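Asks: Got a predicted structure plus its sequence, pasted below:
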Amino acid sequence: MKSKEFVEKYLIENVQSLLDEKQYYPLFVYAALGVETLGAVIDNKPIRTRNQSKYRFGTALFKLFPNQYGFINKKAFLYEALRNHSAHNLLPSSKIMLLNENNGTIRHLEPRGEKVSFIIEDFAKDFIKACNTAIKMIDEGETRMKNIEV
């Protein structure tokens, strides 16, 4: 399978389906881990290159997501609090305040003391936009198409 098809089928479709079904928690974990996958899709190394997690996660945030993600990820905050905790525990760090948009006036990525708010629906929409940006980069030749064995 080509990387473009993988992004469309496994990242966009799955996240959109979980969002439509209001399966917020699995959506959060899936998208949190998918950020690194997007970094792997757009970097210049083979998909299965080892020891690239931190680099790929950060690259995806800086190149594909709204600027605020990269700003918050300074000193690898989101890599540790979002990606590592989700990958190893299926839980966000206690530094992530996980909410859905029905919880009131807190905004997505808003600093709340030592925590950062994550509105799941907003994160899902930003993730899908990031996926579409990665596809555009492939289509426009900014990054090369890769083979992904599924």
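Replies: Done, it's in.

Asks: any idea how far residue 4 is from residue 139?
Replies: Going from residue 139 to residue 4 by Cβ to Cβ, to the nearest Å gives 8 Å. Quick note: C-beta positions are derived from backbone N, CA and C, even for glycine.

Asks: Which one of the two is surrounded by more residues?
Replies: Set side by side, residue 139 and residue 4 show more neighbours around residue 4, with 17 against 11, by other Cβ atoms under 10 Å.

Asks: Just confirm the more buried one contacts residue 138, I think it does.
Replies: Yes: with contacts defined as Cβ atoms under 8 Å, residue 4 counts as touching residue 138 at a distance of 4.9 Å.

Asks: Overlap in contacts, the two.
Replies: residue 145 (Cβ atoms under 8 Å, 6 or more residues apart in numbering).

Asks: Quick one: name whatever helix or strand follows the least confident helix or strand in the chain by mean pLDDT.
Replies: When the helices and strands of the chain are scored by mean pLDDT, DSSP states H and E, strand 111-112 comes last with a mean of 89. Tracing the chain past strand 111-112, the next element assigned as helix or strand by DSSP states H and E is strand 115-119.

Asks: quick one: the helix or strand following that next one to strand 115-119, angle?
Replies: Next helix or strand after strand 115-119 toward the C-terminus (DSSP H and E): helix 120-139. With axes from the mean of the first three to the mean of the last three Cα atoms, to 10 degrees as the criterion, the two stretches helix 120-139 and strand 115-119 enclose an angle of 80 degrees.

Asks: Kindly state the pLDDT recorded for the residue nearest the centre of the chain?
Replies: Averaging the C-alpha coordinates of the chain gives a centre point, and the residue nearest to it by Cα atoms, centre = their mean is residue 35 (2.9 Å). The predicted structure scores residue 35 at 98 on the pLDDT scale.

Asks: and it, what helix or strand is that in?
Replies: Per DSSP H and E, residue 35 falls inside helix 24-42.
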